[in-house]
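# all I have is the shape, not the residue letters:
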Ligand SMILES: [Zn+2]
Ligand SMILES: [Zn+2]
């Protein structure tokens, strides 16, 4: 029990609070848990949250200072929300205060109670519901869709087994989301829909808005202005918004009437936060569903192997949509064996596209259909090379090549951003004949324009869509049929519903087959399946839709599974390999990273950290690997070294991390050369 008039508060200051302790403050009358407050800390005044329980030792009463101000006009955050934050902090090894305050809209802290009261008044008055038009006619469900919808509707209240909706691209997963959402709304509940990327929110938002005219829908993602983000967050928190659609940070939206969480494209790596608390929004959504006793619906054509295995073992309910709706066929997958092509005479560079693929594209153009060429490398060429002396366009600050961008004649580092004009001659020997090696999207676009001079070609990648509105403009012209050939990176592979595309080609996907990262194959398969899914979405054209793979390894098992559209076969094969190698989901991983000006300094910190870990109870159940540099070890003149920590038991790993990390805070002060260190629990790449 707390002393009367004393409240536990979390603040974002781990150096004062320890990792997971609350601080006591006088507050009379005491504000309820979940209240925003401003408290003195040392000489500063910092924002905090009254917590629902005291963690760590309580302070002596005479030393206590008083809460400076509160925000009683704003309803406090609920106990389930605090439990979610607490779980996130402990699982991903951050402080509760850091997590709690970082997931709230920053604008909240800029208002005092009177300003907040006025704002809430305005919000309640102005937030008139959109006018209700005629209810849209509902599309007829396929048998599989109907079965999935019925199964979800039949769940008893409080059932918290997550459901995995595994449906091929074009099978109508969104319609299942919409029907489930409609049910929750009818019961007076709110619905949270998580999507991996901001780019994909507008089209999903449009579908939800159309279906649920008369309901208030808000979005939550990092592209909102601070004022928009606050407004949307408040509408959700007050229960005035019925639907919240957002990216990973929306998993923390405060929603008092929440009744359903949908995670679309649940396998997508974007759900993992890559800095601060490195949480997985997908995993937190599952936890949130369990705590709040509500259904969680995960959807994907290519589920993460973790989720897929849970479904196999019965921990998740498995719902299948194996067919495209409207009788659309999945595109036929064709392997183009590049080893069988004759070499161009005289050592000339091979053309971007094999002749057969080039002809297939020409046929599409003649028929007025669209083709989509996918190459996961932006820029013109990944490196410039001097044939006379062997110079390559390395980045002076990173262990990486600088990419040649022809449009603005720059050499640009994609890791640190360092950019220079392309030198006219080799900086080392003066040779004028420096040449681009390899191919990025910019060069592919140029080559397509040369080989198909009458074709209307467009490119979509991070470079071509940097200007505001550029992406939308390009997508619009693709949809309007003004483009014959669309070239792009993975930005074009995901989600977009291109009705006129009947040919998708992966120009050079092989590299990921042999990458050192154990998840590379899983990511490649998902990306290719998604890219293939862009073709033949119009049932009338489905029969002649094709996906082409240009490969030097046409008999690789990954491609065989792709050809058969057999995700389950691919997943079984991958899981066998992972089991044999003791990799997730058959083990739990954490990655300890250190950064310093020298690799020696970073490595020394990690080696000493390993010695500390070895002395901790339970360390016999956890394996620490020797520190190694990651694939790109130096970025912006900082050396990075990482150490893999592995255990067959998630609990054993968590226990060790909880004991170990506080020691590392102290160890860091003895290693002044270490600039930063961090732990990544369940890392996506190693
Ligand atoms: Zn040279
Ligand atoms: Zn660089």
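Cool, the structure landed. Worth saying up front: this structure is predicted, and the values here are computed from it rather than measured. Ligands and ions are numbered 1, 2, ... in the order given.
# quick one: residue 439 and residue 383 touch, right?
No. The pair residue 439 / residue 383 is not scored as a contact, 11.0 Å apart, by CB atoms under 8 Å. Where C-beta positions appear, they are placed from N, C-alpha and C, glycine not excepted.
# which one of these two has more residues nearby?
Neighbour count, other CB atoms under 10 Å: between residue 439 and residue 383, residue 439 has more, with 21 against 18.
# and the helices in the stretch 451-600 of the chain?
Using DSSP state H, counting those that start in this stretch, the helices of the stretch 451-600 of the chain run over 470-479, 520-532, 539-542, 557-563, 567-581, 599-614.
# quick one: which of those is nearest ligand 2?
With CB to the ion, the closest approach to ligand 2 among the helices of the stretch 451-600 of the chain belongs to helix 599-614: 16.3 Å.
# for residue 270, what are its contacts?
Residue 270 makes contact with 196-197, 247-248 under the criterion CB atoms under 8 Å, 6 or more residues apart in numbering.
# three-state assignment of the residue sitting nearest the centre point of the chain?
By CA atoms, centre = their mean, the chain has its centre lying nearest to residue 270, at 0.7 Å. Taken by DSSP: H, G, I helix; E, B strand; the rest coil, the conformation at residue 270 corresponds to helix.
# and it, how far is that from ligand 2?
Distance, residue 270 to ligand 2, by CB to the ion, to the nearest Å: 23 Å.
# neighbours around residue 47, how many?
Residue 47 is flanked by 21 other residues according to other CB under 10 Å.
# which helix or strand contains it?
Using DSSP states H and E, residue 47 falls within strand 44-50.
# rewinding a little: secondary structure added to the contacts of residue 270, as JSON lines?
Below are the contacts of residue 270 laid out as JSON lines (three-state DSSP):
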{"residue": "196", "secondary structure": "coil"}
{"residue": "197", "secondary structure": "coil"}
{"residue": "247", "secondary structure": "coil"}
{"residue": "248", "secondary structure": "helix"}
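# from the residues you listed, which is closest to ligand 2?
Distances from ligand 2 to the contacts of residue 270, taken by CB to the ion, are shortest for residue 197, at 25.1 Å.
# and among the helices of the stretch 451-600 of the chain, the most buried is which?
helix 520-532 (a mean of 22; mean count of other CB atoms under 10 Å).
# who are the packing partners of that helix?
Helix 520-532 makes packing contacts with strand 501-506, strand 546-551, helix 557-563, helix 567-581 when contacts are defined by 3 or more CB pairs under 8 Å, 6 or more residues apart in numbering; DSSP states H and E.
# same for the third one, what does it pack against?
Other elements packing on helix 557-563 under the criterion 3+ CB pairs under 8 Å, 6+ apart are strand 332-337, helix 520-532, strand 546-551, helix 567-581.
# and with 7 Å instead?
Packing partners of helix 557-563 (3 or more CB pairs under 7 Å, 6 or more residues apart in numbering; DSSP states H and E): strand 332-337, helix 520-532, helix 567-581.
# residues in contact with the first one: which ones?
Looking back up the chat, that one is strand 332-337. With CB atoms under 7 Å, 6 or more residues apart in numbering as the test, strand 332-337 has contacts from 354, 356-357, 532, 546-551, 554, 559, 562-563.
# ok, 8 Å please
Strand 332-337 is contacted by residues 354, 356-357, 532, 545-552, 554, 559, 562-563, 565 when judged by CB under 8 Å, 6+ apart.
# returning to what we had before: of all the helices and strands packed on helix 557-563, which lies closest to residue 426?
For residue 426, the closest of these is helix 520-532, at 33.8 Å, according to CB to CB.
# now that closest one: average pLDDT?
Averaging pLDDT along helix 520-532 yields 92.
# and if you look at stretch 659-674?
Rounded to a whole number, the mean pLDDT of stretch 659-674 is 91.
# from the chain's centre, how far out does it sit?
Computed by CA atoms, centre = their mean, to the nearest Å, the chain-centroid distance of stretch 659-674 equals 30 Å.
# check which residues of it are buried.
660-661, 664, 667-668, 671, 674 (16 or more other CB atoms under 10 Å).
# now, which of the residues you listed lie within strands?
Among the buried residues of stretch 659-674, the members falling in strands (DSSP state E) are residue 674.
# of the buried residues of stretch 659-674, closest to residue 400?
Closest to residue 400, out of all of those and judged by CB to CB, is residue 674, at 22.3 Å.
# re the thing from before, in the strand holding residue 47, what's buried?
Buried positions in strand 44-50, judged by neighbour count with 16+ other CB under 10 Å: 46-50.
# in TSV, list the residues you listed along with pLDDT and distance to ligand 1.
Supplementary listing: those in TSV, determined by pLDDT from 0 to 100; distance: CB to the ion, whole Å:
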residue	pLDDT	distance to ligand 1
46	92	56
47	93	57
48	95	60
49	96	60
50	97	66
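# make TSV from the helices and strands packed on helix 520-532 and add mean pLDDT and distance to ligand 1 to it.
Formatted as TSV, these follow (pLDDT from 0 to 100; distance: least, CB to the ion, whole Å):
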stretch	mean pLDDT	distance to ligand 1
strand 501-506	94	34
strand 546-551	95	31
helix 557-563	93	39
helix 567-581	94	43
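# which one of these lies closest to residue 517?
Of the helices and strands packed on helix 520-532, nearest to residue 517 by CB to CB is helix 567-581, at 12.7 Å.
# now do the residue in the stretch 551-686 of the chain positioned nearest to ligand 1, the pLDDT please.
Residue nearest to ligand 1 within the stretch 551-686 of the chain (CB to the ion): residue 634, separated by 23.1 Å. We have a pLDDT of 93 for residue 634.
# phi, psi for it please.
phi -120, psi 120 (degrees, to the nearest 10).
# just checking, it touches residue 394?
No. Between residue 634 and residue 394 there is no contact under CB under 8 Å: 10.6 Å.
# when those two are compared, which one has more neighbours?
When neighbours are counted by other CB under 10 Å, residue 634 and residue 394 differ, and residue 634 comes out ahead with 20 against 15.
# partner residues bridging the more buried one?
Going by DSSP bridges, residue 634 is paired in beta bridges with residue 639.
# show me the contact partners of the longest helix seen in the chain.
In the chain, taking DSSP state H as the definition, the longest helix is helix 650-670. With CB under 8 Å, 6+ apart as the test, helix 650-670 has contacts from 14, 18-19, 90-91, 93, 588-590, 592, 605, 608-609, 612-613, 616-619, 621-622, 645-647, 674, 677, 679, 681.
# now do the end-to-end distance for stretch 207-227.
End-to-end distance for stretch 207-227: 25 Å, by CA to CA, to the nearest Å.
# now that stretch: average pLDDT?
Taken as a whole, stretch 207-227 has an average pLDDT of 92.
# which residues of the stretch 301-450 of the chain lie near ligand 1?
Residues of the stretch 301-450 of the chain that fall close to ligand 1, judged by CB under 5 Å from the ion: 386, 388-389, 391, 426, 428-429, 431.
# so which of the residues you listed wins on neighbours?
The most crowded member of these is residue 386, carrying 21 neighbours; neighbours defined as other CB under 10 Å.
# list the contacts of residue 262.
Taking CB under 8 Å, 6+ apart, we find residue 262 in contact with 177, 180-181, 191-194, 296-297, 299.
# before we move on, which element is it in?
Residue 262 is part of strand 258-264, with elements assigned from DSSP H and E.
# in the next helix or strand after that strand, what's buried?
Counting by DSSP H and E, the element after strand 258-264 in chain order, helix or strand, is helix 281-292. Under the neighbour-count criterion of 16+ other CB under 10 Å, helix 281-292 has 281-289, 292 buried.
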